[in-house]
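Participant: requesting a structural model of the entry that follows:
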Amino acid sequence: LRAEATKNGDFKHSTILIKELRRSCKQLKDHPNIIVRRADKSNTFVVLNRTDYKAKLDEILSDQKKFSRIACDPTAALKTKVKKLIGRVNKNKQEKILQPVIGQYNPSYIYGTVKLHKTGHPLRPIISQIPTPTYEVAKQLNRIISPYLPAKYQINSTDEFLQIIRATRPQ
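Facilitator: Residues are numbered from 1 along each chain as shown. Predicted structure coming up:
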């Protein structure tokens with residue numbers, strides 16, 4: 001429901017979300033045994049039993065070829081390392097190439113989107129880097145590198161994509 005409302009950027013004044021629906025959504029969100037997640041590759045929401053969802057995530061995390069358990073939070077050490085690298089990049093430069101990493105950060109976290117098109121509805125694991133010290137640096141590097149990427153391999157917006165599709169109608 002939020003996906004529909006956020007198309008206009010106005011969840012509170014949505015024409016489809018009457019008060020009763022909004023109240024129901026809040027009750028689902030606040031229920032201790034329920035979790036609401038976005039379906040993989042769509043704007044559909046899935047209501048899951050929280051225990052089942054956590055079991056599916058635990059199964060993904062138990063794959064020791066992809067994940068390993070750590071003893072302590074590496075965020076502070078990572079922040080220090082990133083600060084040193086940025087310092088070396090900016091050393092002896094009149095204008096800073098990369099902005100310093102300032103503020104409080106957290107480790108990345110995992111969540112899953114539900115693959116409705118697969119049997120058993122497995123989860124697609126997503127590891128969010130947003131709260132980490134490397135996130136803003138990655139965005140800065142993307143802005144620096146993007147102008148040097150060949151334009152023929154990238155589309156900058158949905159409007160550009162639609163223009164290309166409309167211009168190249170199938171024969």
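Participant: could you identify the helix or strand that succeeds the longest helix along the chain?
Facilitator: Across the chain, the longest stretch assigned as helix under DSSP state H is helix 75-90. With elements assigned by DSSP states H and E, the helix or strand that comes after helix 75-90 is strand 109-114.
Participant: in that next one, what counts as buried?
Facilitator: Using 16 or more other CB atoms under 10 Å as the test for burial, strand 109-114 gives Gly112, Thr113, Val114. C-beta coordinates here come from the backbone N, C-alpha and C atoms, glycine included.
Participant: avg pLDDT for that strand?
Facilitator: Mean pLDDT, strand 109-114: 94.
Participant: which elements pack onto it?
Facilitator: Here strand 109-114 touches strand 34-38, helix 50-61, strand 123-128, going by 3 or more CB pairs under 8 Å, 6 or more residues apart in numbering; DSSP states H and E.
Participant: report the contact partners of Ala138.
Facilitator: Gln129 (CB atoms under 8 Å, 6 or more residues apart in numbering).
Participant: can you do 10 Å?
Facilitator: Ala138 makes contact with Gln129, Thr132, according to CB atoms under 10 Å, 6 or more residues apart in numbering.
Participant: so when I look at it, I'm seeing a strand, right?
Facilitator: No: going by DSSP: H, G, I helix; E, B strand; the rest coil, the assignment for Ala138 is helix, not a strand.
Participant: before we move on, the earlier item: just the helices and strands packed on strand 109-114: most buried one?
Facilitator: Comparing the helices and strands packed on strand 109-114 by mean neighbour count (mean count of other CB atoms under 10 Å), strand 34-38 comes out on top with a mean of 16.
Participant: circling back: as a markdown table, the helices and strands packed on strand 109-114 with mean pLDDT would be great.
Facilitator: Formatted as a markdown table, the helices and strands packed on strand 109-114 follow (pLDDT from 0 to 100):
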| stretch | mean pLDDT |
| --- | --- |
| strand 34-38 | 89 |
| helix 50-61 | 96 |
| strand 123-128 | 94 |
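Participant: how about those in TSV, adding distance to Leu162?
Facilitator: What follows is those, written out as TSV (distance: least, CB to CB, whole Å):
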stretch	distance to Leu162
strand 34-38	24
helix 50-61	36
strand 123-128	27
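Participant: how about these, which one is nearest Thr80?
Facilitator: The closest of the helices and strands packed on strand 109-114 to Thr80 is strand 123-128. By CB to CB, the value is 21.5 Å.
Participant: just want the angle from that closest one to strand 34-38.
Facilitator: Compare the direction of strand 123-128 with that of strand 34-38 by axes from the mean of the first three to the mean of the last three CA atoms, to 10 degrees and you get 80 degrees.
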